[in-house]
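K.L.:
what would the 3D arrangement of this be:
(one chain, ligands or ions: 1)
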Amino acid sequence: MTNESEPGHSESDLLKMLLDVRDIPCPVCGYNLRAITSTNCPECGAKLDLRVGSTDLKLGPWLAALLVVGLPLGFLVGAALIGLAVGIADNNLEDLTIAGGLLIPVIIMAGILAMLIRRRRSIWCWPRWRQLLLPLLLLITSVVITVVVLGVIGMML
Ligand SMILES: [Zn+2]
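P.N.:
Just a heads-up that it's a prediction; the model follows:
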């Protein structure tokens, strides 16, 4: 919360106070913002604001978890759509059954992906070893689901 009515304590005043005493590069162009007089970068014009960051926020394992679930999910959705299109075009019940059967792993993987996104702040607070274990376990889960799906499709063909 900012208190714009209190002189010297608005967000832009606090930003200018910080930049009066520190060499901080513009996040867009890298220009040194020390002692600037406005809340825009004088070099590139980017609007600047004051934020709190954390060096503890390491998104690598969480992004890896999104990737190991998202990529197979995309593959399964693509396979289901192709099966649906071919099944409709050829009026082939087998292709339509396969496409319908792919909905089960698609729903499971989409649910995992939604959970990863919805509970991201909780996951970011986990201990490091647990954060690193998450993408590994999800990779194994994704591989197992994909292999089972491909195996079932192979038995049906
Ligand atoms: Zn700039």
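K.L.:
only C-alpha atoms from now on, for both contacts and neighbour counts.
P.N.:
Fine.
K.L.:
quick one: least confident helix or strand in this protein?
P.N.:
helix 93-101 (a mean of 85; mean pLDDT, DSSP states H and E).
K.L.:
mind listing what's buried along that one?
P.N.:
Residues of helix 93-101 classed as buried under the neighbour-count rule (16 or more other C-alpha atoms under 10 Å) are D95, L96, T97, I98, A99.
K.L.:
okay, these in a markdown table with distance to the ion next?
P.N.:
What follows is these, written out as a markdown table (distance: C-alpha to the ion, whole Å):
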| residue | distance to the ion |
| --- | --- |
| D95 | 55 |
| L96 | 55 |
| T97 | 56 |
| I98 | 54 |
| A99 | 51 |
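K.L.:
helices or strands next to the lengthiest helix in the chain in the packing?
P.N.:
Of all the segments of type helix in the chain, defined by DSSP state H, the longest one is helix 60-90. Counting contacts by 3 or more C-alpha pairs under 8 Å, 6 or more residues apart in numbering; DSSP states H and E, the secondary-structure elements packed against helix 60-90 are helix 93-101, helix 103-118, helix 120-124, helix 128-156.
K.L.:
lowest average confidence across those, which one?
P.N.:
The stretch with the lowest average pLDDT out of those is helix 93-101, scoring a mean of 85.
K.L.:
contacts for that helix next, please.
P.N.:
Outside helix 93-101, the residues that touch it by C-alpha atoms under 8 Å, 6 or more residues apart in numbering are A79, A80, L81, I82, G83, L84, V86, G87, I88, I153, M156.
K.L.:
which among these count as buried?
P.N.:
Using 16+ other C-alpha under 10 Å as the threshold, A80, L81, G83, L84, G87, I153 are the buried ones among the contacts of helix 93-101.
K.L.:
so for the last one, what's the nearest residue that isn't a sequence neighbour?
P.N.:
So the one you mean is I153. Of all residues beyond its chain neighbours, the one nearest I153 is I98 (6.6 Å), with distances taken as C-alpha to C-alpha, 6 or more residues apart in numbering.
K.L.:
the domain parsing of the protein - what is it?
P.N.:
The record, using automatic domain parsing to delimit domains, assigns the chain the ranges 1-52, 60-156.
K.L.:
quick check: residues of this structure near the ion?
P.N.:
Residues of the chain lying close to the ion (C-alpha under 5 Å from the ion) are C26, V28, C29, C41, C44.
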